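Student: Sequence and predicted model, in that order:
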Amino acid sequence: MPVPTETDLGVRWLLAAAGQAPSIHNTQPWRFRISPNAVELLADPDRRLRTTDPRGRSLHVSCGAALFNLRLAVRVAGYRPLSWPLPDPQTDPRLLAVVHMPYAGPPTPLEQELYANIGKRRTNREPFDDRRVPSWVLADLRIAASREGANLVLLGGRGSADLLDYVAMAEGELAGDHDYLAELRAWTMRGRHRDGLPGYVLGPRPAGDSAAVRDFGTHPARPDARFERHPQIAVLTTSGDRPVDWLRAGQALQRVLLLASAHGVSASFLNQPLDLRDMRHRVDPHHRRGHPQMIIRFGYGPNVPRAPRRPPVELRTGRGLRPWP
């Protein structure tokens, strides 16, 4: 098989896989620059959330998830993805990674399975049923995170309840921030997405005082629903809290989500405390299990539609991308 970057079909194939990664509020803040034997991943400053994500942490996590999909597509094509993160942080901070691709032979069955789930994975904001995710599946997910240099901390019943209290408090504080609400509305408004894509997939509003999903309170027409009483919560952490760690977290997140999809497990996110921490420029306290980068709810939910995606042709860029602010 030729190197994917040598043909238009191969380039579209790589970008279609990368572009299906999850991202904060479905901003899809990535662009790609193609050379004969490499792909450069760049942050798109026009799709950065300046209020919610002033440090760019969530942007880097989102782009890390796209980077993992790109690596996986390269591997399934029979090549080895050699990834160089943040190759030029001083001169070009937009350039987040370069992926080279020497020949390596056929992919493993696990790599093929993960790739097959790129198009099946969904962020599921619907209520989950009362079945518990088995311990052996959760153990697989922990191993998946560790393979990308991150740690998936699985919370017990008390830990999950305490964290949900923090989520509810953060949600309440964010609900009073007009700049935050305006930015949220711009990217998640019903009917049409900010840049003309079909409407964002929100799911129902939580009934009562449930904190199992983000409220998206700017959309009162959404129906109410009762969510599971005891959500299964995990926190994805990294040993550091720098841009390279955020990229690592995104790659670990996507490996975990694809493996969860392969096991039939749904996932959504409860990142309001992390958003509030970033918005208030608070220093993340040191913890022996690492720096929290994502808060994930796991369970068994119904089928949901895929969030809208930009076509691959819109993801490719030349040299004219606006500089990082």
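Tutor: Perfect, thanks for sending it.
Student: Could you look up the SS state of residue 306?
Tutor: Three-state assignment for residue 306 (DSSP: H, G, I helix; E, B strand; the rest coil): coil.
Student: distance of the closest residue in space to residue 100 that isn't next to it in sequence from residue 11?
Tutor: Excluding the flanking residues, the one nearest residue 100 by CB to CB, 6 or more residues apart in numbering is residue 82, at 4.4 Å. C-beta coordinates here come from the backbone N, C-alpha and C atoms, glycine included. Distance of residue 82 to residue 11, given as CB to CB, to the nearest Å: 18 Å.
Student: Tell me which of those two has more neighbours.
Tutor: More crowded of residue 82 and residue 11, by other CB atoms under 10 Å: residue 11, with 19 against 14.
Student: got the phi/psi numbers for the closest residue to the more buried one other than its chain neighbours?
Tutor: Spatial nearest neighbour of residue 11, excluding adjacent residues (CB to CB, 6+ apart): residue 34 at 5.6 Å. Main-chain dihedrals, residue 34, degrees, to the nearest 10: phi -110, psi 130.
Student: got the contact list for residue 34?
Tutor: 5, 11, 40, 316 (CB atoms under 8 Å, 6 or more residues apart in numbering).
Student: now do residue 300
Tutor: Contacts of residue 300 (CB under 8 Å, 6+ apart): 128-129, 131, 133, 264-266.
Student: Recalculate using a threshold of 6 Å.
Tutor: Applying CB atoms under 6 Å, 6 or more residues apart in numbering to residue 300 gives the contacts 128-129, 131.
Student: Format those as a markdown table; extra columns: distance to residue 76, neighbour count and pLDDT.
Tutor: Listed next are these as a markdown table, based on distance: CB to CB, whole Å; neighbours: other CB atoms under 10 Å; pLDDT from 0 to 100:
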| residue | distance to residue 76 | neighbour count | pLDDT |
| --- | --- | --- | --- |
| 128 | 30 | 22 | 94 |
| 129 | 33 | 11 | 93 |
| 131 | 31 | 11 | 93 |
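Student: Flag the shaky bits of this protein, pLDDT-wise.
Tutor: Within the chain, the stretches with pLDDT under 70 are 1, 190-201, 203, 205, 207-222, 284-286, 319-325.
Student: quick one, helices of it?
Tutor: 8-18, 57-76, 109-116, 135-147, 157-174, 178-188, 243-262, 272-279 (DSSP state H).
Student: wait, which of those is closest to residue 309?
Tutor: Residue 309 lies closest to helix 8-18 among these, at 8.5 Å (CB to CB).
Student: Tell me which other helices or strands the closest one touches.
Tutor: Contact here means 3 or more CB pairs under 6 Å, 6 or more residues apart in numbering; DSSP states H and E; on that basis helix 8-18 packs against helix 57-76.
Student: how much does the lengthiest strand in the chain deviate in direction from helix 272-279?
Tutor: Using DSSP state E to define each element, the chain has its longest strand at strand 291-299. Angle, strand 291-299 to helix 272-279, by axes from the mean of the first three to the mean of the last three CA atoms, to 10 degrees: 160 degrees.
Student: Residue 276 - nearest residue in space that isn't next to it in sequence?
Tutor: Per CB to CB, 6+ apart, closest to residue 276 is residue 170, 4.5 Å.
Student: can you tell me the distance between the two ends of stretch 37-55?
Tutor: 32 Å (CA to CA, to the nearest Å).
Student: so how many other residues sit close to residue 241?
Tutor: Look at residue 241: counted by other CB under 10 Å, it has 18 neighbours.
Student: The residue nearest to residue 276 touches residue 275, doesn't it?
Tutor: No: proximity of residue 170 to residue 275 does not meet the contact threshold set by CB atoms under 6 Å, at 7.2 Å.
Student: For residue 103, which non-adjacent residue is closest in space?
Tutor: That would be residue 79: by CB to CB, 6+ apart, it lies 5.7 Å from residue 103.
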